[in-house]
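Asker: A predicted structure for the sequence below; I have some questions about it.
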Amino acid sequence: MVVVVLQIRGVLEGSEAAAAVLREGDLIVSIDGVPTEAPLGFGEAVQALHGREGTEVSPGIERGGAEPFEVEVERRRIRG
């Protein structure tokens, strides 16, 4: 089994991710309830995070080895 883990490398101040309390170092282990392991894969996982502006996505977050939790994030255009 191939395990794909997406790690948050930074969060823009004032972004929806910051509002959803995502932090640098958090691991995205699922997207809308679908684990980021095979068969989803890296490209598909990144694509699943993207979407039409104004829609929501629910990444499953693992932080510091604790039990994963989900947050809802509204997709917005990144301006930085």
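Answerer: Sure thing, it's come through. Residues are numbered from 1 along each chain as shown.

Asker: going forward, measure contacts and count neighbours with C-alpha atoms only.
Answerer: Will do.

Asker: Please name the residues that touch the residue nearest the centre of the chain.
Answerer: Centroid check for the chain by C-alpha atoms, centre = their mean gives residue 59 as the closest residue, at 4.2 Å. Shown in contact with residue 59 (C-alpha atoms under 8 Å, 6 or more residues apart in numbering): 28, 29, 30, 31, 32, 33, 49, 70, 71, 72, 73.

Asker: Please name the bridge partners of the last one.
Answerer: Beta-bridge pairing of residue 73 under DSSP bridges involves residue 57.

Asker: what does the first one give?
Answerer: Under the criterion DSSP bridges, residue 28 forms beta bridges with residue 6, residue 61.

Asker: how near is it to residue 74?
Answerer: Between residue 28 and residue 74 the distance is 16 Å, computed by C-alpha to C-alpha, to the nearest Å.

Asker: Can you name the residues that contact residue 50?
Answerer: residue 75.

Asker: What pLDDT does the model give it?
Answerer: Confidence at residue 50, expressed as pLDDT, is 88.

Asker: hmm, back to that, give the phi and psi angles for the residue nearest to the centre of the chain, as a check.
Answerer: Main-chain torsions, residue 59, degrees, to the nearest 10: phi -80, psi 140.

Asker: list the helices and strands the longest helix belonging to the chain packs on?
Answerer: Secondary structure of the chain per DSSP state H: the longest helix is helix 41-49. Applying 3 or more C-alpha pairs under 8 Å, 6 or more residues apart in numbering; DSSP states H and E, one finds that helix 41-49 contacts strand 27-31.

Asker: For the strand it packs on, what does the pLDDT average out to?
Answerer: According to the model, strand 27-31 has a mean pLDDT of 91.

Asker: could you give the angle of the longest helix of the chain to strand 27-31?
Answerer: Counting by axes from the mean of the first three to the mean of the last three C-alpha atoms, to 10 degrees, helix 41-49 lies at 70 degrees to strand 27-31.

Asker: can I have helix 41-49 written out in PDB, keeping just the CAs?
Answerer: Extracted C-alpha coordinates of helix 41-49, given in PDB (Å, rounded to 0.1, in the frame of the first residue of the first chain):
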ATOM      1  CA  GLY A  41      -2.400   9.300  -4.600                       C
ATOM      2  CA  PHE A  42      -0.600  12.600  -4.400                       C
ATOM      3  CA  GLY A  43      -1.900  14.200  -7.600                       C
ATOM      4  CA  GLU A  44      -5.500  13.200  -7.000                       C
ATOM      5  CA  ALA A  45      -5.200  14.400  -3.300                       C
ATOM      6  CA  VAL A  46      -4.000  17.800  -4.400                       C
ATOM      7  CA  GLN A  47      -6.700  18.000  -7.000                       C
ATOM      8  CA  ALA A  48      -9.300  17.100  -4.500                       C
ATOM      9  CA  LEU A  49      -8.300  20.100  -2.300                       C
END
